[in-house]
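In: give me the fold of what follows.
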Amino acid sequence: MSQVTVVDHPLIQHKLSLMRRKETGTARFRSLLREISLLLGYEVTRDLGLETRPIETPLATMDAPVLSGRKPVLISVLRAGNGLLDGMLDLIPSARVGYVGLYRDPETLIAVEYYFKVPEDLEDRLVIVLDPMLATANSAIAAVERAREASARHIKMVCLIAAPEGLEAFRAAHPDVHVYTAAIDERLDDHGYIVPGIGDAGDRLYGTR
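Out: Numbers count the residues shown, from 1 in each chain. Prediction:
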């Protein structure tokens, strides 16, 4: 899939394996997700624009590269998206932040929105949507649709694990949005969970059932 990048750095893959283990506790799970999201952030921001500005080092004056353009916007799909958000903000502390609150109807698996708050001026910014599990992709598709309605034009999607079914659905809905993920797993089960996956990311992140 040309619009999907699997970030297969050895550190990411090792940390993801630790997250997958059922005996990994909440604190460790949360820490690992934050570390992985920072590493994913390097890849998703690879094409940020640069310009040169004069600075003085202790030894000389030089034209140094600095980021150009408007600051990126990170949109977290609540609640599990906040696990990715923390690491991304470690990497891009000046980024603007938005939130989309969605829950999955247990019968239909359709995403139901309960909250939406994003910066007003998205049109000229890179918008990075964060959702750890791209399973059915219903939440990710809805989040990107809402970002588009709020004037976002340059959008990327970051997830921890994706299912083939979710990638196909997402590509059909948003063929121009590039997806960055640490792994593409085997399939979805009958309940819409990724197999082998990591379980429910939100429950493992926050210690709930």
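In: the strand ranked longest in the chain: partners in the sheet, and parallel or antiparallel?
Out: Ranked by residue count and defined by DSSP state E, the top strand of the chain is strand 96-104. In the sheet containing strand 96-104, its partner strands are strand 73-78 (parallel), strand 111-117 (antiparallel), by DSSP bridges.
In: then it to PDB, C-alphas only?
Out: What follows is strand 96-104, C-alpha atoms only, in PDB (Å, rounded to 0.1, in the frame of the first residue of the first chain):
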ATOM      1  CA  ARG A  96      -1.000  22.800  18.900                       C
ATOM      2  CA  VAL A  97      -3.300  20.100  20.200                       C
ATOM      3  CA  GLY A  98      -6.900  19.100  19.400                       C
ATOM      4  CA  TYR A  99      -9.200  16.300  20.600                       C
ATOM      5  CA  VAL A 100     -11.800  14.100  19.100                       C
ATOM      6  CA  GLY A 101     -13.900  12.100  21.500                       C
ATOM      7  CA  LEU A 102     -15.200   8.900  20.000                       C
ATOM      8  CA  TYR A 103     -16.500   5.600  21.300                       C
ATOM      9  CA  ARG A 104     -17.200   2.400  19.400                       C
END
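In: buried ones in that strand, by neighbour count?
Out: 96-102 (16 or more other Cβ atoms under 10 Å). C-beta: built from backbone N, CA, C; applies to glycine.
In: before we move on, back to that, out of the strands paired with strand 96-104, which gets the lowest mean score?
Out: Mean pLDDT is lowest for strand 111-117 among these, at a mean of 88.
In: please identify the most buried of the strands paired with strand 96-104.
Out: Most buried of the strands paired with strand 96-104, by mean neighbour count (mean count of other Cβ atoms under 10 Å): strand 73-78, with a mean of 24.
In: next SSE downstream of the helix or strand hosting residue 156?
Out: Residue 156 belongs to strand 154-158 when assigned by DSSP states H and E. Using DSSP H and E, the next helix or strand after strand 154-158 towards the C-terminus is strand 161-162.
In: by contact count, what packs against the next helix or strand after that next one?
Out: As assigned by DSSP H and E, the chain's next helix or strand after strand 161-162 is helix 164-173. Secondary-structure packing of helix 164-173 (3 or more Cβ pairs under 8 Å, 6 or more residues apart in numbering; DSSP states H and E): strand 133-134, helix 138-149, strand 187-188.
In: CA atoms only: put helix 164-173 into CSV for me.
Out: Extracted in CSV, the C-alpha atoms of helix 164-173 (Å, rounded to 0.1, in the frame of the first residue of the first chain):
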residue,chain,number,x,y,z
PRO,A,164,-5.4,-5.2,7.1
GLU,A,165,-9.2,-4.7,7.1
GLY,A,166,-8.8,-1.3,8.8
LEU,A,167,-6.2,-0.2,6.3
GLU,A,168,-8.4,-1.1,3.4
ALA,A,169,-11.4,0.7,4.9
PHE,A,170,-9.3,3.8,5.7
ARG,A,171,-7.7,3.9,2.3
ALA,A,172,-11.1,3.7,0.7
ALA,A,173,-12.4,6.6,2.7
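In: going on from that helix, what's the next piece of helix or strand?
Out: Per DSSP H and E, the helix or strand that comes after helix 164-173 is strand 178-181.
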